[in-house]
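In: Give the three-dimensional model of this entry:
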Amino acid sequence: MNTYLLFKSLHLISVVSWMAGLLYLPRIFVYHVENIEKKQATDIFEVMERKLYNYIMRPAMILTWLFGIVLIYLNGLEIFSQMWMQLKLFLVILLSIFHEHLGKCMISLKNNTNKKSAKYFRIINEIPTATLIFVIFLVIFKPI
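Out: Numbers count the residues shown, from 1 in each chain. Below you'll find the model as predicted:
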């Protein structure tokens, strides 16, 4: 079995799982904010948010980083000299910061201290999509 392809596959599976959460959690926040007066609904959203964040997103993010680091090691550290890789890593760091921001939003919704609107969550819901598209083109075409 090819070790590199094994870790590349595991990396991609982790990325897909992490991205699914990054794309879905802000949408749940929209529904949560729009139904803030309905205790029964918000209780359900809080469970959904917590399980998605803690059981899918966080492990997927950690595995994405872990398998990505293994791939860098297998490729050799000289891959860092390539501008597309530097930009990709920068974007993944931004996605990781975005991930943590969503965690803070989840806590503020649970504690009823949220000040953000449904429109805010609709807008930030586009961040992972745009980033994903950019990263895919970077990795496939390596334009820089």
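
In: in the protein, which residue is closest to the centre?
Out: For the chain, Leu22 is the residue whose C-alpha lies nearest the centre (C-alpha atoms, centre = their mean; 4.1 Å).

In: Go ahead and list the helix or strand containing the closest residue to that one other than its chain neighbours.
Out: The shortest distance from Leu22 to any non-neighbouring residue, by C-beta to C-beta, 6 or more residues apart in numbering, is to Pro128 (4.0 Å). Where C-beta positions appear, they are placed from N, C-alpha and C, glycine not excepted. If you go by DSSP states H and E, Pro128 is part of helix 126-141.

In: which other helices and strands contact that helix?
Out: Here helix 126-141 touches helix 3-34, helix 83-110, going by 3 or more C-beta pairs under 8 Å, 6 or more residues apart in numbering; DSSP states H and E.

In: Not counting the very next helix or strand once past the longest one itself, show me its contacts.
Out: Following the chain from helix 3-34 toward its C-terminal end, the next helix or strand by DSSP H and E is helix 39-51. Outside helix 39-51, the residues that touch it by C-beta atoms under 8 Å, 6 or more residues apart in numbering are Leu25, Ile28, Phe29, Tyr31, His32, Asn35, Ile36, Met106, Leu109, Lys110.

In: Just the buried residues of those.
Out: Taking 16 or more other C-beta atoms under 10 Å as the criterion, what is buried in those is Leu25, Ile28, Phe29, Tyr31, His32, Met106, Leu109.
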